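In: Build the 3D model from these lines:
(one chain, ligands or ions: 1)
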Amino acid sequence: MENHVSQKLKTSIEKIMEVNFGNNIKNGNKRQVYEAVLTATNEILAEKRYEYSKKVKEQEAKQVYYMSMEFLVGTSLKNNLWNLEAEDDIKAFLAEYGFDIEEFYEMEPDAGLGNGGLGRLASCYMDSMTTLSYPITGFSIRYEFGIFKQVIIDGWQNEFPDSWIDQAGYWLNPRADEEIEVHFFGNIKEHWTDKGLTTEHTDYVSVMAKPYDLFISGYDTEAVNTLRLWSAKSTSGFNMDLFSKGEYVKSTENEAIASSISKVLYPADDKIEGKSLRLKQQYFFVSASLQQITKEHYKKYGTFESFPDKAVIHINDTHPSLCVPELMRILMDDYGYVWDAAWDITANSLAYTNHTVMSEALEKWPIDLVKSHLPRIYSIIEEINRRFCQFIYTNHPELSASIDKMAIISEGMVKMANLCIAGSYSVNGVSKLHSDILKTDTFHNFNIVYPDKFTNVTNGITHRRWLCQANPLLSQLLTEKIGGGFKKSLSDIEKFNEFYYDEAVLSRLREIKKENKKRLADYIAQKNGIEVNCDSMFDVQVKRLHEYKRQLLNVLQIIDLYRKIKFQGFRPLPQTYIFAAKASAGYFMAKEIIRLICAVSDMVERDPDVRDFLKVVFIADYKVSLAEIIIPAADISEQISQAGKEASGTGNMKLMINGAVTLGTMDGANVEIYEAVGPENIFIFGLSTQEVNDLYHRGYRPEDFYNANQSIRDVLEFIKSGGIGGKNFDSLYHYLMYSDPYMNLADFASYCDAHRRVEEAYRDEARFTQMSLKNIANAGIFASDRSVTDYANHIWHVKPVQ
Ligand code: CJB
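Out: Presented below is the predicted three-dimensional model:
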């Protein structure tokens, strides 16, 4: 039975074909019909959004405002049709006219408004909040260019701009009626009035923030939420004076400066870039969003006393940390609140999630930069800092010696994590281990001062995208065996454990994996020109390229394996190593690691003695839509970061739910995967966090491991002597021998040993499929539905609007 949404969609598609193109579907070309399908779907969501927001307003429900510099949305068409339960009908409808919906899916570019885990998490949370009917609005920037396109030329990563809006702009609904002005630079003047000391911001430069709303659909719900993306433009547009004097280029300069703010996403991940443009981007979207939120609240309630009961503003990592002083500014300067009252409202409305302990990612800004770009904001931060330090001296004299570390302004810098902790009522980490590290190490002193502020919410993923849509065959099998309830409530997937001994189900699982491997193999053949054997074990490491994630350790093991096959007659199980990763554009070491992977791939491919046992593939331009092809095909999930460094990881969860078995360290959410599946269904290796810290304090010397291990010596000398296709990798050799900050060599032996255990397990087909089944069936706790329910109940205190 066709649903009512499908019927509406079809009528709407036909109408759009007529009105927009003076055509009909039968005679329309692919681009026209594509546009009609996206536009019609967007219209359905707009209508649902209207009805839902009416209900939210009527019920005066508390709302979540999720502030994030990144939302890695990916593509939307398939997800929206699937959520509306209209995919099959629209597919059949288009097929009647000779159009293949899969081709439309391929035409849609990813909205790559994020770098990696942090941005993708934000998008998974938008999906789950909507599916569970919670009101949430995401705020970010409408980057004209999202994450760059990666092209590998001769092993070296090259970056090209990603202009996604042309082909995906149909989802962006402009709201020129809600433009907001944001002020930069200028001076501040203080003067006494009858209200006391007031501050005026003068001579500022204005930038207009124009909102574009992207509707977020949910599954089996009336709710539609919005992701509001701000675009920057100048307030004045053309300078007519200059234009009429014939200075055409100069006359557009203001516009160019303003629009540079929303031009491009910074491609750094887990590492800050202290550039002035980045600070401007942060303030731009924070200020526009908070001005809009407060304006709406005031219009409705006429006071901010109720603000913390009606709104929670979530700070996703420190990038939106200027929420703290900006909310203070709005309350004091625009609405006349005195400091204490404004602070009370601010500190009870903001919640902060930390996503990393990497010191280079803990944001700090030079005082001069903040002061010159945002003079009023800086003056507020100074006062927050003065009061905070005073509070510590008075109430925690035992921490006086640590004040430099805890202060918001110290060592010439403004420290954003400290600002967030002081200004939020809740601080959480993203896995049990990570949250413990925050309390006992990174923010140890803050935890003494505010023991009740610190909590944990383990990350999650939306299984509707990552399982149901990316792996329809597995989703179908699950539906047959345990019913379709898991789509809405992933804890149901636990019932799949009952099929542990069911030969027929195990065999279906193997067939499904094989099909998914074929799909990936076709992609690899087409893009890389490498034929991979679908009976080989697919070992997958896909994520951003970072030293701490240790793709390098993975390659060292492969080189060792290569040498053992080539020179020692070792005959391993045929295995295919699959990598995909973007490196930040200026990150030399990361790019060298990619070059090494590509060189090893070439070397293996050219070697007839080895290539039947071993393949190495680097797939370029990793992104959400590519992850959706790779992940369902994986047998082994490599999660091999140095213990204590990966806050959580979410790729580990996506791979697990698709039946891949984790090979990993006891890091981030791997620890919770271990607890969920039991030691016999995961391969753990390497130093623990404690052991890493102990070794670091004793003094880690990579050469000790080199001297003690013949394989390490062989591999490193092989690299040094040009063994990898005659190419020079001295930089990596020296890095490993004399620095190795993430202890690749210390974990090498244990990692190789784990690989041999993996092979042994994989040879026992029945047993390995059972391991795979256990991973699928016990992935329930990694649903982002569970994560957002934790946030909603324990941090945000919001309720669904039905
Ligand atoms: N993360 O992707 C980023 N970018 C950052 O700047 C900081 C952290 C990642 O966030 C994910 C979501 O919480 C984590 O799973 C991951 O471990 C972390 O690296």
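In: Share the number of residues neighbouring Ser711, please.
Out: Residues lying near Ser711 (other Cβ atoms under 10 Å) number 17. To be clear about C-beta, it is placed using only N, CA and C from the backbone, and glycine gets the same treatment.
In: Quick one: residues contacting it.
Out: Asp560, Phe748, Ala749, Cys752 (Cβ atoms under 8 Å, 6 or more residues apart in numbering).
In: Packing partners of the longest strand belonging to the chain?
Out: Longest among the strand segments of the chain by residue count, using DSSP state E, is strand 205-217. The helices and strands touching strand 205-217, judged by 3 or more Cβ pairs under 8 Å, 6 or more residues apart in numbering; DSSP states H and E, are helix 30-58, helix 77-83, helix 117-131, strand 172-174, strand 180-184, strand 224-234, helix 276-301.
In: so which of those gets nearest Arg329?
Out: Among those, the nearest to Arg329 by Cβ to Cβ is helix 276-301 (8.5 Å).
In: starting at the chain centroid, how far to the following helix or strand past the closest one?
Out: Next helix or strand after helix 276-301 toward the C-terminus (DSSP states H and E): helix 307-310. Computed by Cα atoms, centre = their mean, to the nearest Å, the separation of helix 307-310 from the middle of its chain amounts to 28 Å.
In: Let's see the distance spanning stretch 103-118 from one end to the other.
Out: Start and end residues of stretch 103-118 are separated by 29 Å (Cα to Cα, to the nearest Å).
In: and that stretch, which residues are buried?
Out: 104-105, 107-118 (16 or more other Cβ atoms under 10 Å).
In: Number of residues surrounding the closest residue in space to Gly664 that isn't next to it in sequence?
Out: Spatial nearest neighbour of Gly664, excluding adjacent residues (Cβ to Cβ, 6 or more residues apart in numbering): Gln639 at 3.5 Å. For Gln639, the neighbour count with other Cβ under 10 Å is 28.
In: Residue numbers of the chain in contact with the ligand?
Out: 115-118, 121, 269-270, 317, 355-356, 361, 430, 459, 646-650, 668 (Cβ under 6 Å from any ligand atom).
In: hmm, 5 Å instead?
Out: Contact residues (Cβ under 5 Å from any ligand atom) of the chain with the ligand: 116-118, 121, 269-270, 355-356, 430, 646-650.
In: Using TSV, lay out these together with secondary structure.
Out: TSV is the format used below for the residues of the chain next to the ligand (DSSP: H, G, I helix; E, B strand; the rest coil):
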residue	secondary structure
Gly116	coil
Gly117	helix
Leu118	helix
Leu121	helix
Asp269	coil
Asp270	coil
His355	coil
Thr356	coil
Val430	coil
Glu646	coil
Ala647	coil
Ser648	coil
Gly649	coil
Thr650	coil
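In: okay, stretch 167-184 in CSV with CA atoms only?
Out: Extracted in CSV, the C-alpha atoms of stretch 167-184 (Å, rounded to 0.1, in the frame of the first residue of the first chain):
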residue,chain,number,x,y,z
GLN,A,167,23.9,20.5,-6.8
ALA,A,168,22.7,20.3,-3.2
GLY,A,169,21.4,23.8,-2.6
TYR,A,170,17.8,22.6,-3.0
TRP,A,171,17.9,21.6,0.6
LEU,A,172,18.8,25.1,1.8
ASN,A,173,15.9,27.3,2.5
PRO,A,174,16.9,31.0,2.6
ARG,A,175,15.4,33.2,5.3
ALA,A,176,16.2,36.7,4.3
ASP,A,177,13.6,37.9,6.8
GLU,A,178,15.7,36.8,9.7
GLU,A,179,19.0,38.4,8.8
ILE,A,180,21.1,39.5,11.8
GLU,A,181,24.0,42.0,12.1
VAL,A,182,27.2,41.0,13.8
HIS,A,183,29.8,43.5,15.0
PHE,A,184,33.6,43.2,14.8
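In: Just the buried residues of it, please?
Out: Those buried within stretch 167-184 under the rule 16+ other Cβ under 10 Å are Ala168, Tyr170, Trp171, Leu172, Asn173, Glu179, Ile180, Val182, His183, Phe184.
In: now swap in stretch 623-641 and tell me
Out: 623-641.
In: how long is stretch 95-108 from one end to the other?
Out: 18 Å.
In: Repeat that for stretch 430-449.
Out: 21 Å.
In: Could you report the neighbour count for Glu200?
Out: Glu200: 13 neighbours (other Cβ under 10 Å).
In: so where is the stretch 251-400 of the chain shaky, pLDDT-wise?
Out: 251 (pLDDT under 70).
In: Please enumerate the strands of it.
Out: 311-316, 350-353, 364-366 (DSSP state E, counting those that start in this stretch).
In: ok, the closest residue to Asn385 other than its chain neighbours - contacts?
Out: The shortest distance from Asn385 to any non-neighbouring residue, by Cβ to Cβ, 6+ apart, is to Ile408 (4.1 Å). Taking Cβ under 8 Å, 6+ apart as the criterion, Ile408 is in contact with Ile381, Ile384, Asn385, Phe388, Val414, Lys415, Asn418, Leu419, Ala422.
In: got it, and Gly138?
Out: Tyr66, Ser68, Phe71, Ala122, Met126, Ile216, Asn225, Thr226, Leu227, Arg228 are the contacts of Gly138 under Cβ under 8 Å, 6+ apart.
In: That's all I had, so thanks and see you.
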